[in-house]
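# quick one: sequence and predicted model below, then my questions.
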Amino acid sequence: MSTSAYETKNASLDDDWETKVVALSRNAKAVKSLTLTDQLDLANELLGNIKHLGDEKLYQHDMAVLKLGPNPEGSEAIKYRSSIRNFLGFNKVGTISLLMPALKSIKKNLEYQIAVENGLGEKTKKPSIWSKIKEEEIGGRTMNIHGPVEIFPFFHKLELWADATPLPESPKSSDIECQVENEHGIAVVLGAGNQSAITIFDALFCFFNHPCKPILIKHHPLRPHLHSFCSDFFAPLIKRGFLDQVLDEGVGRTQAILAREEVKHVHMTGSLGTAQAIEANLAETRPHMSKGEIENMLTSELGCATPWIIAPGKYSKRELNMAAKHIVTGKKVNAGCNCVCSQAVIIPEAWAQKEEFKRILMKSLENIPTDPLYYPGSCEKVKGIVSHYDSVKVTQVPGKAVLRNIDGDESDFMDPYIVDCGTYGNDNFNGHALRNEAFGPLLAIMELPGIPDDNYLLDKAVPFVNNKDNIYGSLSCCLIFPKTYDAKIVRDAAGALNYGCVALNTWSFYAYFGIGHGGTWGGSKFDTTGQSGRGLVGNLFMVPNAEKTVVSSRALTFPLIIDKNLLPPKILSDAASGVLLAKNAGQAISAVASTFLKPITSCFK
């Protein structure tokens with residue numbers, strides 16, 4: 001076995017890693033040669049393995065990562081506190097609600113492509129994202145709006161917005177073929193540290209959608225437990241030599257893997273610094289490739305200082321309360337260690353309800369429980385941002401901590417910081433907290449000058465957040481407005497916002513679940529900074545020229561779906577999980593009955 005010309009001098013591969021890389025690469029041609037029917041067979045086999053998403057151990061490990069519960073390995077039966085038990089159940093529903101629809105969408109897309117290929121497209125029911133299309137003039141551009149499509153079970157809807165030129169009547173079979181320059185080599189998926197489901201989805205996406213190569217998963221050091229789950233779930237791909245996985249063994253080992261000439265594509269979720277280090281490693285070990293070729297090797301989903309734009313207008317008391325709860329929930333879930341976490345609240349300076357809303361926001365910060373700050377480096381990152389402000393501009397809001405099932409000290413928790421950036425354009429304005437992603441418990445509040453009239457959004461707010469000198473990233477943006485607000489202005493603002501996702505009267509977190517239903521996730525194509533990454537994930541129905549996902553709730557006054565003070569009892573989440581995993585109505589009924597009878601039958605054991 002020859003040594004790779006790209007191997008770094010200071011890192012080497014042990015036989016296990018090297019064997020896996022080489023073996024996967026040898027199967028690249030087989031993956032490239034898969035027909036649509038072959039791919040459909042694999043998707044069906046994976047759907048047959050979806051039952052593994054019901055394994056409680058996966059979510060117990062997740063609770064341990066979040067510092068909410070003990071490591072389940074070697075532990076006796078864990079009796080969680082009710083709040084943690086309910087959160088575990090909700091986490092389970094969320095994971096299933098992402099991955100089950102994603103696999104079903106992959107299957108539906110393949111089935112439709114096969115029908116088109118066989119000349120039966122006109123007689124075959126189109127996927128929802130293709131059957132609901134309308135052309136709209138938005139902000140001087142012609143857009144094709146696909147949807148709305150329901151994001152079940154979260155009571156949200158998504159639209160996929162695509163540039164209208166050109167638009168085929170339906171996706172051609174060639175659209176689903178692997179768009180890669182050659183049939184050799186593998187793709188490496190570098191697992192995410194903050195959510196288990198991300199790694200699983202990314203592996204599915206990279207195999208079925210782009211770049212359609214054999215996959216090597218390198219798990220994140222925080223989530224080695226995913227190795228066991230993936231061994232079961234991805235068994236149909238593993239046994240064919242189409243997918244393999246390795247645990248994290250440090251930066252040097254990862255660099256050695258990426259240096260291999262067999263590696264033709266890398267997909268990662270993480271920070272801009274990590275993405276830049278990967279690109280540097282790829283460039284150093286491939287001196288014959290141009291900068292553009294190196295950049296095309298890497299797709300990435302990175303971060304964002306997610307802005308919440310408050311539109312001026314007359315809000316009801318409930319609308320103000322719900323807006324504040326959405327923002328604070330988006331800050332406190334996972335202690336703010338999410339790429340979608342709330343970071344910037346942008347308020348009209350002359351808005352009549354400004355002070356009232358600020359009081360409600362502070363009250364929500366006190367009342368909604370705080371999660372442990374589990375992610376390495378987050379504490380230091382937040383304190384580093386805070387250090388750029390005078391103490392009079394910073395408030396640390398005391399709140400209640402989540403009651404958990406492990407011993408720990410107060411250092412695991414950090415009360416959220418509120419940073420007052422001031423009014424844009426004033427001499428004392430300090431936008432440092434807007435230009436740097438916190439990835440932790442920090443919320444920046446700023447005001448925009450100008451008359452709070454119908455022109456405010458398009459003339460003031462949108463240009464401000466679109467300018468990357470003002471605010472970090474373009475992954476997602478949330479727009480809040482009262483029921484009485486002009487719907488056309490909202491529509492035009494959604495079109496003008498250069499963000500990969502725009503959330504209307506809700507948290508953009510729900511849009512990530514939309515990728516299983518045909519939505520996209522990633523930074524805006526108009527953002528050249530790379531702060532939110534490169535490329536998109538999702539778009540499982542291969543809509544050409546897809547540009548952004550727009551997600552909306554039923555109404556601003558609609559109850560929170562993720563309410564940290566009112567999570568559904570675990571028995572209800574377990575029943576919902578059973579329904580989501582069921583293959584038919586009979587299985588769904590059986591799953592619900594089994595869930596509710598389990599506490600009774602256990603008494604007789």
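Noted; the coordinates are in hand.
# quick one: low-confidence ranges for the stretch 501-605 of the chain?
Low-confidence segments of the stretch 501-605 of the chain, defined by pLDDT under 70: 599-605.
# and with 80 instead?
Scanning the stretch 501-605 of the chain for pLDDT under 80 picks out 598-605.
# which stretches of it form helices?
509-513, 570-581, 585-602 (DSSP state H, counting those that start in this stretch).
# after the longest helix seen in the chain comes which helix or strand?
Longest helix of the chain, by residue count under DSSP state H: helix 82-117. Where DSSP states H and E defines the elements, the next helix or strand beyond helix 82-117 is helix 128-131.
# check which residues of that next one are buried.
For helix 128-131, burial by neighbour count (16 or more other CB atoms under 10 Å) applies to 128-130. C-beta coordinates here come from the backbone N, C-alpha and C atoms, glycine included.
# which among these gets closest to residue 189?
residue 129 (24.7 Å; CB to CB).
# so for that closest one, what's the pLDDT?
Model confidence at residue 129, given as pLDDT, is 94.
# which residue packs closest to it, ignoring adjacent ones?
Computed as CB to CB, 6 or more residues apart in numbering, the closest residue to residue 129 that is not its neighbour in sequence is residue 518, at 3.8 Å.
# for the one you found, what are its contacts?
Counting by CB atoms under 8 Å, 6 or more residues apart in numbering, residue 518 touches 105, 127-129, 146-147, 149, 158, 160, 538-541, 543.
# save the residues you listed as JSON lines, and put in distance to residue 432 too.
Shown next, in JSON lines, are the contacts of residue 518 (distance: CB to CB, whole Å):
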{"residue": "105", "distance to residue 432": "41"}
{"residue": "127", "distance to residue 432": "45"}
{"residue": "128", "distance to residue 432": "43"}
{"residue": "129", "distance to residue 432": "40"}
{"residue": "146", "distance to residue 432": "39"}
{"residue": "147", "distance to residue 432": "38"}
{"residue": "149", "distance to residue 432": "39"}
{"residue": "158", "distance to residue 432": "33"}
{"residue": "160", "distance to residue 432": "35"}
{"residue": "538", "distance to residue 432": "32"}
{"residue": "539", "distance to residue 432": "35"}
{"residue": "540", "distance to residue 432": "38"}
{"residue": "541", "distance to residue 432": "41"}
{"residue": "543", "distance to residue 432": "38"}
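# out of those, which one sits closest to residue 370?
residue 158 (29.8 Å).
# contacts only, for residue 124.
Residue 124 neighbours (CB under 8 Å, 6+ apart): 111-112, 115-116.
# report how many residues lie close to the residue nearest to residue 405 when sequence neighbours are not counted.
The shortest distance from residue 405 to any non-neighbouring residue, by CB to CB, 6+ apart, is to residue 69 (4.5 Å). Using other CB atoms under 10 Å, residue 69 is surrounded by 24 other residues.
# what's near enough to touch residue 69?
60, 63, 78, 80, 84, 88, 404-406.
# can you map out the strands along the stretch 151-300 of the chain?
156-163, 186-190, 215-218, 243-246, 263-269, 298-301 (DSSP state E, counting those that start in this stretch).
# okay, now the unreliable bits of this protein?
In the chain (pLDDT under 80), the answer is 1-15, 74-77, 165-183, 403, 405-411, 598-605.
# helix, strand, or coil at residue 389?
coil (DSSP: H, G, I helix; E, B strand; the rest coil).
# is the closest residue to it other than its chain neighbours in a helix, a strand, or coil?
Sequence neighbours aside, residue 419 is the residue nearest to residue 389 in space, at 5.7 Å (criterion: CB to CB, 6+ apart). What three-state DSSP gives for residue 419 is strand.
# residues in contact with the closest residue to residue 393 other than its chain neighbours?
Once flanking residues are discounted, residue 393 sits nearest to residue 420: 4.6 Å by CB to CB, 6+ apart. Under the criterion of CB under 8 Å, 6+ apart, the contact list for residue 420 reads 389, 393-395, 445-446.
# wait, which of these is closest to residue 222?
residue 394 (29.1 Å).
# partner residues bridging that closest one?
Per DSSP bridges, the residues bridged to residue 394 are residue 419.
# neighbours of it, how many?
17.
# residue 32 reaches residue 212, doesn't it?
Yes - Residue 32 is within contact range of residue 212, at 7.1 Å (criterion: CB atoms under 8 Å).
# more crowded one of these two?
residue 212 (22 against 16).
# so that one touches residue 29, yeah?
No - Residue 212 is not in contact with residue 29 according to CB under 8 Å; the separation is 11.9 Å.
# show me how the chain divides into domains.
Domain assignment for the chain by automatic domain parsing gives 15-126+177-301, 306-553, 570-602.
# tell me which of these sits most buried.
Compared across those, domain 306-553 shows the largest average neighbour count, a mean of 20 (mean count of other CB atoms under 10 Å).
# and the contacts of residue 420 as JSON lines, adding distance to residue 239?
Below are the contacts of residue 420 laid out as JSON lines (distance: CB to CB, whole Å):
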{"residue": "389", "distance to residue 239": "56"}
{"residue": "393", "distance to residue 239": "58"}
{"residue": "394", "distance to residue 239": "55"}
{"residue": "395", "distance to residue 239": "56"}
{"residue": "445", "distance to residue 239": "53"}
{"residue": "446", "distance to residue 239": "54"}
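# quick one: which of those residues is nearest residue 331?
residue 445 (11.7 Å).
# and the closest one, what does it touch?
Per CB under 8 Å, 6+ apart, neighbours of residue 445: 344-345, 347, 358, 361, 418-421.
# 6 Å instead, please
Under the criterion of CB atoms under 6 Å, 6 or more residues apart in numbering, the neighbours of residue 445 are 345, 420.
# which of the three states applies to it?
strand.
# and it, what are its bridge partners?
residue 345, residue 420.
# for it, give its distance to residue 358.
7 Å (CB to CB, to the nearest Å).
# before we move on, the earlier item: which of the contacts of residue 124 lies closest to residue 232?
For the contacts of residue 124, the nearest to residue 232 is residue 111 (25.3 Å; CB to CB).
# any idea how far the closest one lies from residue 191?
Look at residue 111 and residue 191: by CB to CB, they are 30 Å apart.
# what of residue 115?
Counting by CB to CB - residue 115 and residue 191 are separated by 35 Å.
# do residue 100 as well
From residue 100 to residue 191 the distance is 20 Å (CB to CB).
# swap in residue 141?
Distance from residue 141 to residue 191, by CB to CB: 37 Å.
# if we can go back for a sec, report the angle between the longest helix of the chain and helix 570-581.
10 degrees (axes from the mean of the first three to the mean of the last three CA atoms, to 10 degrees).
# helix 82-117 packs against which elements?
Applying 3 or more CB pairs under 6 Å, 6 or more residues apart in numbering; DSSP states H and E, one finds that helix 82-117 contacts helix 36-48, helix 56-65, helix 173-176, helix 196-208, helix 570-581.
# need the contact list for the closest residue to residue 371 other than its chain neighbours.
Of all residues beyond its chain neighbours, the one nearest residue 371 is residue 335 (4.4 Å), with distances taken as CB to CB, 6+ apart. Contact partners of residue 335, counting by CB under 6 Å, 6+ apart, are 371, 373, 441.
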